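Asks: coords below, sequence missing:
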């Protein structure tokens, strides 16, 4: 949360400048050690990490194809410039995960085939978030880019729920586990860079919602309603198949949900919205 808190007053123009200073390449992260590490994992660890990677692969594909409406809904050129960097970021993340599957999991394919394979291990809660809620919010915003309520609804779905709750919760626990184990250094580097990109995105979303709610307090109800609609699916989406799978990472029952909810609550406090 400290990263978001430190950036909460940054304007889109300042966040754009930060993006220019933070370039990295999905095809230059060193994956030379990861293949041997992957092969050395036991079956349960490999199954869990494959499920996580599949979730990330599908999430980035969905996000990269369901974002242009927000760019079209820009309030000014500075905001549009920053939002365009987010789209580039999401495509870069998708490229990294596809490359990882190609070179480490020994599963070479076109990106579309990677996405199709990844979908085979994901359940209904994931589809509820990415195939229904995100797509519906994006379609509404794309049809009415000047609709403030539609923009607030989309930013809440994308920045607060998907990136700020689901994405950063997963990255926190997974990077901690892999760091303690000292394995998959290429994935740790790439995933860490992706998490830094997403902190910048969330900083934008937090500040946009803060301004929107300050200007029109009734929009706080839009934020609360969208979060209430999606939190049950989020709680289920972070639960991999099989009992006790997260125990492999040293995560206690309910710890992910508590971490995600605590972070979301603090972020909403910055926005000026309290969960009821």
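Replies: Done, it's in. Quick caveat, the model's predicted, so the values are computed rather than measured.
Asks: Does anything pack onto the host helix or strand of residue 19? Which helices or strands?
Replies: Residue 19 is part of helix 12-20, with elements assigned from DSSP states H and E. Helices and strands touching helix 12-20, by 3 or more C-beta pairs under 8 Å, 6 or more residues apart in numbering; DSSP states H and E, are helix 77-103, helix 185-215. Heads up, the C-betas are built off the backbone N, CA and C, glycines and all.
Asks: secondary structure class for the residue lying closest to residue 95 once chain neighbours are set aside?
Replies: Spatial nearest neighbour of residue 95, chain neighbours left out: residue 26 (4.1 Å); criterion: C-beta to C-beta, 6 or more residues apart in numbering. State at residue 26, reduced to three classes by DSSP: H, G, I helix; E, B strand; the rest coil: coil.
Asks: Now do the contacts for residue 26.
Replies: Residues counted as contacts of residue 26 (C-beta atoms under 8 Å, 6 or more residues apart in numbering) are 92, 93, 95, 96, 99, 190.
Asks: the strands in this structure, which residues?
Replies: Under the criterion DSSP state E, the chain contains no strands.
Asks: Check what pLDDT the residue most central in space within it gets.
Replies: Geometric centre of the chain, nearest residue: residue 163, 3.2 Å, by C-alpha atoms, centre = their mean. On pLDDT, residue 163 comes in at 94.
Asks: Identify the residue nearest it in space, chain neighbours excluded?
Replies: Residue 163 sits nearest to residue 198 (C-beta to C-beta, 6+ apart), 4.9 Å away.
Asks: wait, isn't the one you found in contact with residue 168?
Replies: Yes - taking C-beta atoms under 8 Å as the definition, residue 198 is a contact partner of residue 168 at 6.5 Å.
Asks: from the middle of its chain, how far away would stretch 159-170 be?
Replies: Centroid separation between stretch 159-170 and its chain, computed with C-alpha atoms, centre = their mean, to the nearest Å, is 5 Å.
Asks: List the buried residues for it?
Replies: 159, 160, 161, 162, 163, 164, 165, 166, 167, 168, 169, 170 (16 or more other C-beta atoms under 10 Å).
Asks: try stretch 68-77
Replies: Buried residues in stretch 68-77, counting neighbours by 16+ other C-beta under 10 Å, are found at 69, 70, 71, 73, 74.
Asks: now, among the buried residues of stretch 159-170, which is nearest to residue 33?
Replies: residue 170 (22.4 Å; C-beta to C-beta).
Asks: For that closest one, list the residues it contacts.
Replies: 52, 55, 56, 238.
Asks: Distance to residue 129 and mean pLDDT added to the helices and strands packed on helix 12-20, as TSV?
Replies: Shown next, in TSV, are the helices and strands packed on helix 12-20 (distance: least, C-beta to C-beta, whole Å; pLDDT from 0 to 100):
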stretch	distance to residue 129	mean pLDDT
helix 77-103	16	96
helix 185-215	16	96
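Asks: As JSON lines, these with distance to residue 60 would be great.
Replies: Converted to JSON lines, the helices and strands packed on helix 12-20 look like this (distance: least, C-beta to C-beta, whole Å):
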{"stretch": "helix 77-103", "distance to residue 60": "4"}
{"stretch": "helix 185-215", "distance to residue 60": "9"}
